[in-house]
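Undergrad: Predicted model, plus sequence, below.
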2 protein chains.
Amino acid sequence: MASDDPPVPVFPKPVTLRDVAARAGVSVATASKALNDQGRMTAETRERIRETARSLGFRPNSLAQSLLRRRSFTVGLLTNDTYGRFSLPLMSGISDALVDAGVSVFLCNVEEDPRLGQLHVEAMLDKRVDGIIATGKRIDRHLPVDLANLRVPVIYAFTQPDPDAVAFVSDDGDGARLAIEHFCRLGRKRIAHVSGPASFAVVHERAQAYRAVLTENGLPVIEPLLGSWSEAWGHEAVARLFDGGGKKPDAVFCGNDQIARGVIDALRERGLGVPNDVGVIGFDNWEIVAEATRPPLTSVDMNLAGLGREAGLTLLSLFGGKPATPGIRKLPCRLVVRQSCGRLPDGEKDG
Amino acid sequence: MASDDPPVPVFPKPVTLRDVAARAGVSVATASKALNDQGRMTAETRERIRETARSLGFRPNSLAQSLLRRRSFTVGLLTNDTYGRFSLPLMSGISDALVDAGVSVFLCNVEEDPRLGQLHVEAMLDKRVDGIIATGKRIDRHLPVDLANLRVPVIYAFTQPDPDAVAFVSDDGDGARLAIEHFCRLGRKRIAHVSGPASFAVVHERAQAYRAVLTENGLPVIEPLLGSWSEAWGHEAVARLFDGGGKKPDAVFCGNDQIARGVIDALRERGLGVPNDVGVIGFDNWEIVAEATRPPLTSVDMNLAGLGREAGLTLLSLFGGKPATPGIRKLPCRLVVRQSCGRLPDGEKDG
DNA sequence: CTTAGTTGGGAAAAGGTTTTCCCTTACCGG
DNA sequence: CCGGTAAGGGAAAACCTTTTCCCAACTAAG
């Protein structure tokens, strides 16, 4: 029997500072100081210890370091975004900001389950994370966890923050403004807006910017069509906008890329060309969708990675002792121009 | 000026075992034993200590515990799947398997950058992770990191493993078999297969299963059409299959959901009804796509969460000292039936 | 030759928990 | 009243690193 068992791999005992010190013939104190550029000793001793450490493959045990410094160099990222559509780009930004400081990220998906949330938050606190970042899949809903009065700083990114917390969200009004102004520059005159359910705060924020920019430009405001975030709604919205009598829009600003996809398809079914007859702009810049539409979709990018970076950097400066002003900071969007809007007369790219 | 500065939040000092012991009037040793159900003492003493700990909100410092036990109760998850399309469902499964054991997960996205990979692996090892799980976005490519001869066990899930490693992947042949057998049960006679690039191993694995099942059922094999993973390729494949002369297929098995989406749209453009004229099955069961097609797409699900669960459980048993047999374990897929294949004559649901 | 100062390096405590041993007290039988 | 045993609890080491002090030896100045 025993011979059938797979060989149990034996992992080498990690080499400790004590090993290095013994091998170099010094005390652990001296060894520590040599490796950390502290204390006084001959350059020769220092170099000898370093060389010993290198040859032994010594890596300091960060658990011991953390215990002493009362900092674990870890942070927790809490999300309820199962598919990672929003949280992974965010995570990339966070990680990018933190990796150079030697900080690692625990990722926890709490779904919509308060018990699971509680469990993960406690696990994080037990692991002595230095801070927590909360994120989600929409800006106007809380995660199903209570993050008030924790023993560590909490930062919110792309989710509804607690009052008096530090938070970063995308500036959806800015995003809408970018889109509509783009249409205006291209000379579009009748610009419609097809968006998601009225229950989403961003729907109103974008609609408001939509109205404002049109008014500023002396263009007619078509009352925004609110529905769902789906392709199917894009189809239906086109039916409402184009199948009745009256003047037809020559541009549609959509609440997300899936709606835009539906809009583009529905326009084609009606024999309307994109971008020639109608320009279309989406929101989210979900590449997998935006690059699959025909033509590829110009879309508003919320710069989630940038949001993550800011959140990470803020946490770092908090660790460094600099206090951060509470409040919600809105970060600008950017427009990713593809081919669904047509070109400027002067031949600017896409335009 | 100082009055303009935001208030720097002061976090309460964590309560230690020493605090509990002092408050309960016992030694730290006794306190520890009381809380861990160890040692001998009167039930009364034990309960008093516990009550004290509760009232003080004591949570053991897991850094100190880890240092002593030489186990950090953390694992690292390495991925190069930027958008989390595959790694987040996997992560959910892993987390699910580990959370009850008190194990948390560091997530690291290494993109395709070997330097970044090296950096993150070293950070994980320094943090004393108990194990590492490697995952990716395709089964036949290595991550850009060297995971051989690490000081901790490594498990591969949904990525190309090193030789002699423990690995879990989806059984793509099984997935293809499920799809084709489903078509056969529904009485489809001419079943085509539209797949991705020949450079992907799974493309051949699925094609082989496709041929095998057709042969078993005495049905004609149409040479699989290999192209790209895109919607556009779905359109083109339909053109090739349906625009020439000869017999037309009555079913198409697609290599992913995006191809299937293209196929369904292209069929509709030709006036062919899905599922009545042609049945369509996709692969990946990416809900956001599969539920947006008209009609909703029947698709093969690779059960990534299950894969993650297995990987997590294996790691746990490894921690428990039970060796795991090296080798690649293929986990079965399952077919998620929606409305793109039609119903059985006897009225079974959809398919 | 003494004294002050400098240089190179070590001892020990700290961080918070677990665990192994050991000690004290109480109790029981004789 | 004495010896033995078990029960209840504590002291201390261990995990690994960092940092503060301290000591010994040497140099230079007086």
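TA: Received the coordinates, thanks.
Undergrad: Not counting its neighbours along the chain, what's nearest the residue in the stretch 1-150 of chain A that chain B sits nearest to?
TA: Nearest residue of the stretch 1-150 of chain A to chain B: A:G84, at 2.9 Å (Cβ to the nearest Cβ). C-betas here are computed from N, CA, C, even on glycine. Nearest residue to A:G84, sequence neighbours excluded (Cβ to Cβ, 6 or more residues apart in numbering or on different chains): B:G84, at 2.9 Å.
Undergrad: ditto for A:A157
TA: Ranked by Cβ to Cβ, 6+ apart and with sequence neighbours excluded, the top spatial neighbour of A:A157 is A:A311, at 4.2 Å.
Undergrad: Which parts of chain A are helices?
TA: Using DSSP state H, the helices of chain A run over A:17-24, A:28-36, A:43-56, A:62-69, A:87-99, A:114-126, A:172-185, A:201-216, A:231-242, A:257-269, A:287-290, A:304-319.
Undergrad: hang on, the earlier thing: what is the neighbour count of the residue of the stretch 1-150 of chain A closest to chain B?
TA: 26 (other Cβ atoms under 10 Å in any protein chain shown).
Undergrad: Any figure for the gap between it and B:T45?
TA: Distance, A:G84 to B:T45, using Cβ to Cβ, to the nearest Å: 49 Å.
Undergrad: is any part of the helix or strand of chain A with the lowest mean pLDDT close to chain B?
TA: One helix or strand of chain A scores below all others by mean pLDDT, DSSP states H and E: helix A:287-290, with a mean of 90. Yes - Helix A:287-290 reaches chain B (Cβ under 8 Å from any Cβ of the partner chain) through A:I288.
Undergrad: ok, back up a step: list the contacts for the residue of the stretch 1-150 of chain A closest to chain B?
TA: With contact set as Cβ atoms under 8 Å, 6 or more residues apart in numbering or on different chains, A:G84 has these partners: A:M91, B:Y83, B:G84, B:R85, B:S87, B:L88.
Undergrad: Please export the C-alpha coordinates of the least confident helix or strand of chain A as CSV.
TA: C-alpha atoms of helix A:287-290 as CSV (Å, rounded to 0.1, in the frame of the first residue of the first chain):
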residue,chain,number,x,y,z
GLU,A,287,-14.1,46.2,-24.5
ILE,A,288,-15.6,42.8,-25.1
VAL,A,289,-18.8,44.5,-26.1
ALA,A,290,-17.6,47.8,-27.5
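Undergrad: contacting residues around that helix?
TA: A:D257, A:Q258, A:A260, A:R261, A:G282, A:P296, A:L297, A:S299, A:V336, A:R338, B:Y83, B:Q258.
Undergrad: now do 6 Å
TA: A:D257, A:R261, A:L297, A:S299 (Cβ atoms under 6 Å, 6 or more residues apart in numbering or on different chains).
Undergrad: Distance check, the last one against B:V145.
TA: Right, A:S299. 33 Å.
Undergrad: Likewise for the second one?
TA: With distances defined as Cβ to Cβ, the gap from A:R261 to B:V145 amounts to 36 Å.
Undergrad: out of the two, which sits in the busier spot?
TA: A:R261 (25 against 21).
Undergrad: can you pull the contacts of that one?
TA: A:E231, A:V289, A:T293 are the contacts of A:R261 under Cβ under 6 Å, 6+ apart.
Undergrad: try A:V278
TA: Counted by Cβ under 6 Å, 6+ apart, A:V278 has contacts A:D250, A:L267, A:L272.
Undergrad: any idea of the pLDDT on it?
TA: Listed pLDDT for A:V278 reads 97.
Undergrad: Check A:V166 too.
TA: 96.
Undergrad: Could you do A:D4 as well?
TA: Reported pLDDT for A:D4: 53.
Undergrad: Distance of the nearest residue in space to A:R59 that is not next to it in sequence relative to A:T74?
TA: Once flanking residues are discounted, A:R59 sits nearest to B:D126: 5.6 Å by Cβ to Cβ, 6+ apart. To A:T74, B:D126 is 11 Å away according to Cβ to Cβ.
Undergrad: quick one, which of these two is more surrounded?
TA: Regarding B:D126 and A:T74, a neighbour count based on other Cβ under 10 Å identifies A:T74 as having more, with 24 against 17.
Undergrad: tell me, what residue is most central in chain A?
TA: Nearest to the mean C-alpha position of chain A, by Cα atoms, centre = their mean, lies A:L90 at 2.1 Å.
Undergrad: contacting residues around the nearest residue to that residue once chain neighbours are set aside?
TA: Counting by Cβ to Cβ, 6+ apart, A:L90 lies nearest to A:G308, which is 4.0 Å off, once chain neighbours are set aside. Counting by Cβ under 6 Å, 6+ apart, A:G308 touches A:L90, A:G93, A:I94.
Undergrad: With that, I have no additional questions.
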